[in-house]
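Undergrad: Sequence first, then the predicted structure:
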Amino acid sequence: LYKWAKENGFSGFTYQSEIQVTQQYFTLRSWVQNHIEKLDDNLKREILYQIIFHIKNKGIDISDIFDQTGFSYIASVWLLLYVLKFFSTQRQRKIIKVLCLIVLNLFYHYPIILVYSLLYGILQFVDIPTRVKILISSIVLLVIFPRALYSLSFQIPLIYRLQTLFSKSHRKIITACLIGSICSIKFQSIQLLSFLFYPIIRYFMGFTWIMGFIQLYTGLNIVELVSLVSRMISKIQSIKINGNIIGIGMLFLPMVYALFKQHKFRIYTIASTVIIFLSLSIVHPLSEVTVLNTPKNTNIILKSMLSNCATVLSEPKSVISNDLQSYLHAKGISKIFAVVELGDDTEGVEIVSAPQSYVAEQLNLQNTEHPIWYFKYNELTFIVFTYLDHSDITYLLNHYDSLNVDVMILANHGSKNANPPELFDYLQPKVCICINQPYLSSHLPSRAVIKEMDKRGIMWMDTGTYGDISFFSIFHKHFALTSSGKIVIIS
């Protein structure tokens, strides 16, 4: 592939386990990339790729600072404008900002946040009310990128612009509530200190981005500086409020209403609401089956109503990961039936020595390394595949009849070979779930599998897009609730 790319005028870069090949033509981006390629030091080259292009491989990962939404690019412009504040007029800064945003859009191939900032920056030269500028720039952006409505790259800048419409005394509190609500819906967690110190963190991001270019063109070594900043921000971002706190997000409109009306008790209203919903998340009276967004392992949690004991179905020889442990703590689960092993840092979770067959049946007796879990829960029938090869599929089709599946967890992260059409015809599931791995930029589930599911009218979701997915029943109606706030009626 490398030889073919060179012979045909292509250049490429690795992205963890994937290789992306891009046509080589002269742009500002390719010019900078060529300068990085000339460096002899592999470590410096990798660091610069991460800082400037957000490209990373398995060896180094500082993505905890440099997220993919583009805030670090904008942060560099904020930092520049803050410095220029002492040497220029307001109109000059507006012109400089627009010019910087044009260059950054060309450099990064028009990500949502940069296009949105450019549209709003251009409207700053027009003498119209601020709310009209916000409305026009938002509508134009949504025409260009219709799906931007679901992106934090659109939502957070919109909130920061809307704060100019709030009264000064309420501005910071309302902005914090809105962003916290969106984060709780989107990620089912809030990085508390990262959220509180975001104004500081964004300048760190912009500063490091600028330092990346300084190293590239002066030879100054910034590896130690980046490492120091990365460790510091990682510590800040490691403190989270985890759990089923989606109620905080759902309640942000009454919160904002209370802020406007309850002048005397606005702080008490927010504090009591947060405490109530965090408490409800611990009690969580519903029984449910949850597919966790833990891409390294298959983890299915079966929780009974008002119980602190759950069943964990997982891959053989897997251990309790941090994500699984956080979920168990957030749901108040202190005991589990499982074959998973305790990790070194596991606290507050007791492994109960009861077989998983207590709840679920393991169908793949031919190959226990590739378990197939089959169980009924809340009047729904589930089948969970981990990894399947051709012999496993043949065994299942030949040894079992009339399984009548409602929910199917796709095998091998939704790959084509492990999910053939005859498997869908045999099981006839209503819903399919793909446990997606974030570092795979290839399309999962595969397009062939999606085509087969669509052909049969099967609803499907993937944890890479929706996060954790929980199934529960209310009055004999069956629902799926995602951590991103989507509710699906199954039957």
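TA: That came through, no problem.

Undergrad: State the number of residues packed around the residue lying closest to H476 once chain neighbours are set aside.
TA: Excluding the flanking residues, the one nearest H476 by C-beta to C-beta, 6 or more residues apart in numbering is E379, at 7.1 Å. Where you see a C-beta, it was placed from the backbone N, CA and C, and this is true even at glycine. Counted with other C-beta atoms under 10 Å, the neighbours of E379 add up to 11.

Undergrad: Just read off the phi/psi values of E379.
TA: For E379, the backbone dihedrals are phi 70, psi 10 (criterion: degrees, to the nearest 10).

Undergrad: Surely it is in contact with K477?
TA: No. The pair E379 / K477 is not scored as a contact, 10.0 Å apart, by C-beta atoms under 8 Å.

Undergrad: For the stretch 301-450 of the chain, which segments count as helices?
TA: All helices of the stretch 301-450 of the chain, identified by DSSP state H, counting those that start in this stretch, fall at 322-330, 390-399, 421-427, 447-455.

Undergrad: K94 versus F125, what's the distance?
TA: Remark: distance between F125 and K94 (C-beta to C-beta, to the nearest Å) = 7 Å.

Undergrad: who has more neighbours, the two?
TA: Ranked by neighbour count (other C-beta under 10 Å), F125 and K94 place K94 first, with 16 against 10.

Undergrad: which ones are touching that one?
TA: Taking C-beta atoms under 8 Å, 6 or more residues apart in numbering, we find K94 in contact with 121, 124-125.

Undergrad: looking only at pLDDT, what's the mean for stretch 416-423?
TA: Averaged over stretch 416-423, pLDDT sits at 89.

Undergrad: buried set for it?
TA: 416, 418-420, 423 (16 or more other C-beta atoms under 10 Å).

Undergrad: Could you do stretch 388-396 as well?
TA: 388, 392-393, 395-396.

Undergrad: count of residues packed around K133?
TA: Neighbour count of K133, defined by other C-beta under 10 Å: 19.

Undergrad: Equivalent analysis for the one 4 residues further on, please.
TA: For S137, the number of neighbouring residues by other C-beta under 10 Å comes to 23.

Undergrad: Also V291?
TA: Counted with other C-beta under 10 Å, V291 comes out at 28.

Undergrad: cool, and Q124?
TA: Counted by other C-beta under 10 Å, the residues lying close to Q124 total 17.

Undergrad: do the one 3 residues further on as well
TA: Residue neighbour count, defined by other C-beta under 10 Å, stands at 5 for D127.

Undergrad: So what's the predicted local confidence for it?
TA: 89.

Undergrad: before we move on, back to that, take the contacts of K94 and keep only those in helices.
TA: G121 (DSSP state H).

Undergrad: Find the residue closest to K335 in space, skipping its chain neighbours.
TA: Leaving aside its chain neighbours, K335 sits nearest to C309 (4.1 Å; criterion: C-beta to C-beta, 6+ apart).

Undergrad: which ones are touching that neighbour?
TA: 333-337, 352.

Undergrad: For those, point out the one with the lowest pLDDT.
TA: Lowest in pLDDT among the contacts of C309 is V352, which has 66.

Undergrad: which stretches of the stretch 51-200 of the chain form strands?
TA: All strands of the stretch 51-200 of the chain, identified by DSSP state E, counting those that start in this stretch, fall at 189-191.

Undergrad: pLDDT weak spots in it?
TA: Scanning the stretch 51-200 of the chain for pLDDT under 70 picks out the ranges 51-83, 86, 107-109, 167, 169-170, 173, 177, 180-181, 183-200.

Undergrad: Could you chop the protein up by domain?
TA: As assigned by automatic domain parsing, the chain contains the domains 71-247, 287-489.

Undergrad: With respect to K38, which of these lies nearest?
TA: Set against K38 and scored by C-beta to C-beta, these come closest in domain 71-247, at 9.6 Å.

Undergrad: Out of the contacts of C309, which two sit at the greatest distance?
TA: S334 and F337 (12.6 Å).

Undergrad: who's more crowded, these two?
TA: Neighbours of S334 and F337, each counted by other C-beta under 10 Å, are more numerous for F337; the result is 20 against 13.

Undergrad: Okay, and the beta partners of that one?
TA: Assessed by DSSP bridges, F337 has beta-bridge partners T311, V352.

Undergrad: so it sits right up against S307, yeah?
TA: No. Using C-beta under 8 Å as the test, F337 is too far from S307 to be in contact (11.4 Å).

Undergrad: Quick check: neighbours shared by the two?
TA: Common contacts of F337 and S307 (C-beta under 8 Å, 6+ apart): none found.

Undergrad: just checking, I122 touches V98?
TA: Yes. With contact defined as C-beta under 8 Å, I122 counts as touching V98 (6.1 Å).

Undergrad: just to revisit the earlier point, so which of the domains of the chain gets nearest V32?
TA: From these, taking C-beta to C-beta, the stretch that ends up closest is domain 71-247, at 7.3 Å.
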